[in-house]
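Enquirer: mind folding the following:
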Amino acid sequence: MKLYKIIFLVFTIAVVSQAQPAERWQQHVQYKMEVKVDAPKHQFEGKQWIVYTNNSPDALENIYYHLFFNAFQPESMMDVRSRTIADPDKRVGDRIVKLTEEEIGYQNITKLTSAGKDVSYKIEGTVLEVKLADAIMPGATVLLYMEFNGQVPLQVRRSGRDNAEGIDFSMTQWYPKLCEYDYQGWHANPYVGREFHGVWGDFDVKISIDPAYMVGASGVLENRAEIFKGNVLKKSKKKYRMWHFRANNVHDFAWSADPDYKMLSHTAHDGTELYAMYQDGPLASQHFPQLLPIIDEALKYINDRYGKYPYPVYSFLQGGDGGMEYPMATLITGERPINSLVGVSIHELMHSWYQLILGTNESLYPWMDEGFTSFASSEIMNYLRSKKLIEGDVQENPHYNVTRNFVGFTASGLEEPLSTHADHYTTNAAYGVGSYTKGTVFLKQLEYIIGKEAFDRGLLSYFETWKFKHPNPNDFIRIMEKSAGMELDWYLQYWVNSTATIDYQVVDIESTKKGTKVNLQKLGRMPMPIDLTIQRTDGTTTLFTIPLRMMRSEKSMENKVDYMVLPDWPWTHADYSFELPYPLDEIESVEIDPTYRVADLNLEDNVWPRLPEEVEEEEVEEK
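Expert: Reported below is the predicted structural model:
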């Protein structure tokens, strides 16, 4: 029996045993790769077997692969985009166009078959286009076999060799990766430096490299006993040492390697094996040994609030050009102060939830990954401050500055809707503020709309319902609607598909026969429910909420404090008034959104009476 048939039969048993989610079908892959690295030449060659199961209702006549390393060549799409965009990423700029033949990256395909038959293919930049000899029918499983070679580029963006901190290999987006085909069709996006989408599957990867190198990677090291004595490499006189990793139920695989790596390990409270690999340096040597116990404490908060981490290991690997997430591992630069090292580690770890477990298509919806991750990271860092594990004061609202920064950016005229594809933003600034900042504000405002209890409950439900299923924005908002008992499609449409702004004001208050009338006004185009407080001269404070009529419900309690619910505000009406059953001279102040969770354009008119300018600036800064 031919080798590919043996592998096909073994892999098929595992594939068939995995049930598909009823609400959305998922393609499935099983990778087996054997790679040999010529470290001095920065080149590698490999063999790849992919068992691909077509769980879609469609016959697939073509398939596509990503060849990411081809981006690191002069005149590539990434190169041209980096040199022509108005605000280039400083890490890239014009560096690619200056790469020599020995410094560029490439991936070549020397053989490709489907079910043992040769296929026709061509390389178009960073995408391999394949015409199959026989279509892959719905429900069918096929073996794709490939032989390939490549050159590791000088590290420019995420991937590459010889990064600024001296790490030899940052091997991310390094292998021919099958593109995702889902309910929206193929996602064969050319690589211009943005985000990713992948097929769920299992990886069995063998990496052969000079035995002086220590390797960290996604997944579990299967032959650890052969390689390590404790956390130290065993000596070897062989030309190559083989590292065998397995990573199950993931959609990517990354690794890094360096002969000067030191390794630390720590078993977390939940059994997760945590690893750190770093090179000696003034800050890295001081701070990496502190990192893993802090991550362990963070996991207690994360597992409870966002869902339990489902994998057996996680590794923090020094490398790359900042921080970038991959399954069960992240590459981060290490010469940082401890707060910075913890911050980047927490951020990349949290991508495990919103990109690597939920698996949102971050090319189409980068804010659902970067924004949600940034929101969670700020909450976790606040928790770590409360535990005195990092420096800084605990903040009542750790997203306040992010929200105000977003408001400031809206005045620039550069904002674009969050529905913009990640690769197609006009400026890097618009992408960054949209994906990270506006995505964070999306969640904080949603907490404001539905109440913290319903919000926290919804976040957990979202994770449990949609993990390993590639959710989209509507999938998320439906979970939150169910958690809150509200209609929330209006919020999704305004915040994601438009750049409409929020601006409300307290116009004034006036005496009436029955008491006092409070007059409010909507100045911005985007409607929001209104929370406001009435502070009385006797020291009592009353919290009110004004629902939008189109919400069809309202929050009733938050942080164990009841709201007094006022009549609904129709979004078509600019003005709104309500009466209080006590005289005007008993009212000390009225304030909209005292928690500062809403991206209101002007905080000055949210308060009555208006404060003197110098006093208001001081109070806002304190809050």
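Enquirer: hey, let's count contacts and neighbours off CA atoms from now on
Expert: OK.
Enquirer: would you list every one of the helices in the stretch 51-200 of the chain?
Expert: Secondary structure of the stretch 51-200 of the chain (DSSP state H, counting those that start in this stretch): helices at 77-84.
Enquirer: quick one, strands of it?
Expert: 60-66, 106-114, 117-118, 120-124, 127-136, 141-151, 160-161, 169-171, 177-178, 180-182, 185-187 (DSSP state E, counting those that start in this stretch).
Enquirer: any chance of those in a markdown table, with mean pLDDT too?
Expert: A markdown table is the format used below for these (pLDDT from 0 to 100):
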| stretch | mean pLDDT |
| --- | --- |
| strand 60-66 | 98 |
| strand 106-114 | 98 |
| strand 117-118 | 96 |
| strand 120-124 | 98 |
| strand 127-136 | 97 |
| strand 141-151 | 98 |
| strand 160-161 | 98 |
| strand 169-171 | 98 |
| strand 177-178 | 98 |
| strand 180-182 | 97 |
| strand 185-187 | 97 |
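Enquirer: out of these, flag the one nearest His470.
Expert: strand 180-182 (9.0 Å; Cα to Cα).
Enquirer: tell me which residues are up against the closest one.
Expert: Trp25, Gln26, Gln27, Ser56, Trp186, His187, Ala188, His197, Gly198, Val199 (Cα atoms under 8 Å, 6 or more residues apart in numbering).
Enquirer: sheet partners, orientation included, of it?
Expert: Strand 180-182 pairs in its sheet with strand 185-187 (antiparallel), by DSSP bridges.
Enquirer: Met146 reaches Val51, doesn't it?
Expert: No: using Cα atoms under 8 Å, Met146 is not in contact with Val51, being 11.6 Å away.
Enquirer: show me which of those two is the more surrounded one.
Expert: Neighbour count, other Cα atoms under 10 Å: between Met146 and Val51, Val51 has more, with 28 against 18.
Enquirer: isn't that one up against Thr113?
Expert: No: using Cα under 8 Å, Val51 is not in contact with Thr113; the gap is 11.9 Å.
Enquirer: now do the shared contacts for the two.
Expert: Shared contacts of Val51 and Thr113, defined by Cα under 8 Å, 6+ apart, are found at Leu144.
Enquirer: make sure Ala454 is indeed in a helix.
Expert: Yes: using DSSP: H, G, I helix; E, B strand; the rest coil, the assignment for Ala454 is a helix.
Enquirer: correct me if wrong: Tyr191 contacts Ser76.
Expert: No: with contact defined as Cα under 8 Å, Tyr191 does not count as touching Ser76 (9.3 Å).
Enquirer: so between those two, which is more surrounded?
Expert: Higher neighbour count among Tyr191 and Ser76: Tyr191, with 23 against 19, using other Cα under 10 Å.
Enquirer: list the contacts of the more buried one.
Expert: Tyr191 sits next to Phe68, Ala71, Met77, Met78, Thr126 when contact means Cα under 8 Å, 6+ apart.
Enquirer: tell me which element the residue nearest to Asn248 when sequence neighbours are not counted is part of?
Expert: Spatially, and ignoring its direct neighbours in sequence, Asn248 is nearest to Asp202 (4.1 Å; Cα to Cα, 6 or more residues apart in numbering). Assessed by DSSP states H and E, Asp202 sits inside strand 201-209.
Enquirer: before we move on, what about Val407?
Expert: Val407 belongs to helix 400-410 when assigned by DSSP H and E.
Enquirer: ok, residues contacting the next helix or strand after that helix?
Expert: Downstream of helix 400-410, the first helix or strand assigned by DSSP H and E is helix 428-432. Helix 428-432 has contacts (Cα under 8 Å, 6+ apart) with Ile85, Asp87, Pro88, Asp89, Leu414, Glu415, Glu416, Ala422, Tyr425.
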